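Asks: Sharing a sequence plus its predicted fold:
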Amino acid sequence: MRFHLARYEDLPAILSIIHEAQAFLKTQNSGQWQDGYPTEGILQNDINQQRLYVARNGNDVCGVCAVLNYDPDYSSLTSGSWIIKVPYLVIHRFAVSDKYRRSGVGKYMLSETEKLAKRQQIIDIKVDTHEKNVPMISLLLKSGFEKRGEVLLEQTKQRVVFEKVLK
């Protein structure tokens, strides 16, 4: 398994994974990603900004996530508080292919994101998800993330936030 920056030629596989994730979230009665987010344009911008990563098993793109250095919505939580304010990395647009779900790809991507943070001398990673995204919440908790409260994304989307302070 490899974890590296996404390339434009990865975009069809990434979009397929995103569409699978949107369909899966719908079966969970989650409103997350049911409005067309993330769009192809957002993903292209992530590639342009060199912040979209893929997990690859051989030639298969099996997972995707964006890793950013900041999220303005995270500056004020609607409940709870952060352990560390800044600097931090934030994970967004996290999805695993149906073919690889429950195979360790998600845990691998979180682990690789931790390595990215350490290389940048950052000891804090933040992430949010919908309260009904039980598989993601379970993955985060099993990977050492702590629930820290709630945030309002784009002034309309209530999400649960998690944080991991790296050792």
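Replies: Arrived safely. Residues are numbered from 1 along each chain as shown.
Asks: What's the end-to-end length of stretch 78-85?
Replies: For stretch 78-85, the separation between the terminal residues is 15 Å (Cα to Cα, to the nearest Å).
Asks: Now do it: distance to the chain's middle.
Replies: The chain centroid and the centroid of stretch 78-85 are separated by 18 Å under Cα atoms, centre = their mean, to the nearest Å.
Asks: buried residues in it?
Replies: For stretch 78-85, the neighbour count (16 or more other Cβ atoms under 10 Å) marks Trp82 as buried. Placement of C-beta: from N, CA and C, glycine included.
Asks: what's the answer for stretch 104-113, then?
Replies: 105-106, 108-110, 112-113.
Asks: In helices, which of those appear?
Replies: Per DSSP state H, helices hold the following members of these: 105-106, 108-110, 112-113.
Asks: give the contact list for the residue nearest to Gly144 when sequence neighbours are not counted.
Replies: Spatially, and ignoring its direct neighbours in sequence, Gly144 is nearest to Lys164 (5.3 Å; Cβ to Cβ, 6 or more residues apart in numbering). Counting by Cβ atoms under 8 Å, 6 or more residues apart in numbering, Lys164 makes contact with 114, 124-125, 143-146.
Asks: one more time with 10 Å, if that's ok
Replies: Residues counted as contacts of Lys164 (Cβ atoms under 10 Å, 6 or more residues apart in numbering) are 83, 88-89, 91, 110, 113-114, 117, 123-127, 140, 143-146, 148.
Asks: Same check on Leu43?
Replies: Going by Cβ under 10 Å, 6+ apart, Leu43 touches 6, 10-11, 14-15, 18, 52, 64, 66, 93.
Asks: of these, buried ones?
Replies: Burial by neighbour count, 16+ other Cβ under 10 Å: within these this picks out 6, 10-11, 14, 18, 52, 64, 66, 93.
Asks: quick one, longest helix in this structure?
Replies: helix 11-27.
Asks: starting at the chain centroid, how far to that helix?
Replies: Centroid separation for helix 11-27 versus its chain: 13 Å, with Cα atoms, centre = their mean.
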